[in-house]
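Enquirer: Would you be able to build a 3D model of this:
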Amino acid sequence: MAPIVHGLEVDYFGTIKFVYLDIDDPENSYYLKELGFRYQPQFILLDGEGNILQQWLGPVSAADFRVAFDSYIK
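Expert: From the prediction side, this is the model:
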């Protein structure tokens with residue numbers, strides 16, 4: 001998944017901010033709980049207010065991410 005996500009990060013630079021949380025870092029436990037972390041990999045698309053727009057559990061194709069990203073970009 002890393003090559004797909006990093007490629008999308010380059011393509012959407014300046015439009016979407018990508019944030020990575022290390023599930024093994026105890027400092028992230030608050031965020032993982034707030035976001036309802038359940039499965040690895042888990043991807044969450046948030047709006048600027050921190051509201052969850054969409055979630056994916058497990059592997060996701062670049063095309064599926066692009067459809068979601070493009071539907072929320074105004």
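Enquirer: Need phi/psi at P3.
Expert: phi -60, psi -40 (degrees, to the nearest 10).
Enquirer: State the number of residues packed around it.
Expert: Number of residues near P3 (other Cβ atoms under 10 Å) recorded here: 8. Bear in mind the C-beta positions are built from the backbone N, C-alpha and C, glycine included.
Enquirer: Skip the chain neighbours and tell me the closest residue to I4.
Expert: Spatial nearest neighbour of I4, excluding adjacent residues (Cβ to Cβ, 6 or more residues apart in numbering): A62 at 4.9 Å.
Enquirer: residues contacting that neighbour?
Expert: By Cβ atoms under 8 Å, 6 or more residues apart in numbering, the residues touching A62 are 4, 7-8.
Enquirer: Make a markdown table out of those and add neighbour count, secondary structure and pLDDT.
Expert: Output for the contacts of A62, formatted as a markdown table (neighbours: other Cβ atoms under 10 Å; DSSP: H, G, I helix; E, B strand; the rest coil; pLDDT from 0 to 100):
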| residue | neighbour count | secondary structure | pLDDT |
| --- | --- | --- | --- |
| I4 | 15 | helix | 97 |
| G7 | 12 | helix | 98 |
| L8 | 16 | helix | 98 |
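Enquirer: Now render those residues as JSON lines, adding distance to F69.
Expert: Formatted as JSON lines, those follow (distance: Cβ to Cβ, whole Å):
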{"residue": "I4", "distance to F69": "12"}
{"residue": "G7", "distance to F69": "12"}
{"residue": "L8", "distance to F69": "7"}
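Enquirer: Tell me the buried residues in the helix or strand bottoming out on mean pLDDT in the chain?
Expert: Counting by mean pLDDT, DSSP states H and E, the weakest-scoring helix or strand in the chain turns out to be helix 29-35, with a mean of 91. For helix 29-35, a neighbour-count test (16 or more other Cβ atoms under 10 Å) marks L35 as buried.
Enquirer: again, but for stretch 67-74
Expert: Buried residues in stretch 67-74, counted by 16+ other Cβ under 10 Å: 68-69.
Enquirer: just the helices in this structure please.
Expert: Using DSSP state H, the helices of the chain run over 2-11, 29-35, 62-72.
Enquirer: roughly how far out does the first one sit from the chain middle?
Expert: Meaning helix 2-11. 11 Å (Cα atoms, centre = their mean, to the nearest Å).
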